[in-house]
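# Here is my input, please return the structure:
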Amino acid sequence: MNTTHASAVTASVASGSGAGAAGQPGRRVLVVDDEESITELVAMALRYEGFSVETADSGYKALSLLDSFRPELVILDVMLPDVDGFNVAERVRRERRDVPVLFLTARDATEDKVRGLTIGGDDYVTKPFSVAELVARVHAVLRRTAGGIEGDRLVLADLEMDDDAHEVRRAGRLVDLTATEYRLLRYLLVNARRVLTRAQLLDHVWSYDFGGDAGVLETYISYLRKKVDFVEPHLIHTVRGVGYVLRPPRD
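Numbering: from 1, shown residues only. Below you'll find the model as predicted:
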């Protein structure tokens, strides 16, 4: 156990997360880390918030719990003893694409953060960390992935998003999106015809400050273009030096 990590986490737990037991009762969270002190402290903080928590100390155990525990969020370390956490996240995306993943790891290089979020991670927290902040991020991720207003249907040209069914169709054809792709497209649709900056998109979809590195955003825009703009007219447009806008082409 890294003593720096342990002291930082312990201090944060001792001060309390501030929200008390009025969290999101019954929501299932799987905490995956091979450091027992980390899993115990994170699990304790989340249970105090009202979550149902299971822990795993390896990638294979985490994958086995996907079916038996059916988590609604996975908190995932990258450096596991058997399977790399990035590979675990990719398996989660293939088998339970609707389950958000929050990375919690000592791997703090920008390329690691970009990789984690590009493969489908919903947030990325580095060690040492504040438990209060981690709990707040758990709540934020679950809010973002819970879908929009009930009965909400967003339409632009022949692009249609149905939040009730969690479905997207273009020209009548069903479009298969990951959870992150869905959130990104939804934010663009809600703000159709409005230019959104890279900072706005990163903050809303990932709630993460990349220090100006928008590589993960550009990767996901590329994914959306391949899946959504497979027919004319193309709806996703780049505004050079600013960001992106979803709109029909101008006459």
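
# Show me what counts as buried in the helix or strand where Ser64 lies.
Under the criterion of DSSP states H and E, Ser64 resides in helix 59-68. For helix 59-68, the buried set under the neighbour-count rule, 16 or more other CB atoms under 10 Å, comprises 59, 61-63, 65-66. Bear in mind the C-beta positions are built from the backbone N, C-alpha and C, glycine included.

# Return the list of helices and strands in contact with it.
Where contact means 3 or more CB pairs under 8 Å, 6 or more residues apart in numbering; DSSP states H and E, helix 59-68 is packed against strand 28-32, strand 52-56, helix 85-95.

# what about 6 Å?
Secondary-structure packing of helix 59-68 (3 or more CB pairs under 6 Å, 6 or more residues apart in numbering; DSSP states H and E): strand 52-56, helix 85-95.

# The first one to helix 59-68, inter-axis angle?
Between strand 52-56 and helix 59-68, the angle formed by their directions is 150 degrees, by axes from the mean of the first three to the mean of the last three CA atoms, to 10 degrees.

# do the same with the last one
With the same axes, to 10 degrees defining the directions, helix 85-95 sits at 20 degrees from helix 59-68.

# Could you check how far helix 85-95 is from the centre of its chain?
The gap between the average C-alpha position of helix 85-95 and the chain average comes to 13 Å, counting by CA atoms, centre = their mean, to the nearest Å.

# mind listing what's buried in it?
Buried-residue list, helix 85-95, by 16+ other CB under 10 Å: 85-86, 88-89, 92-93.
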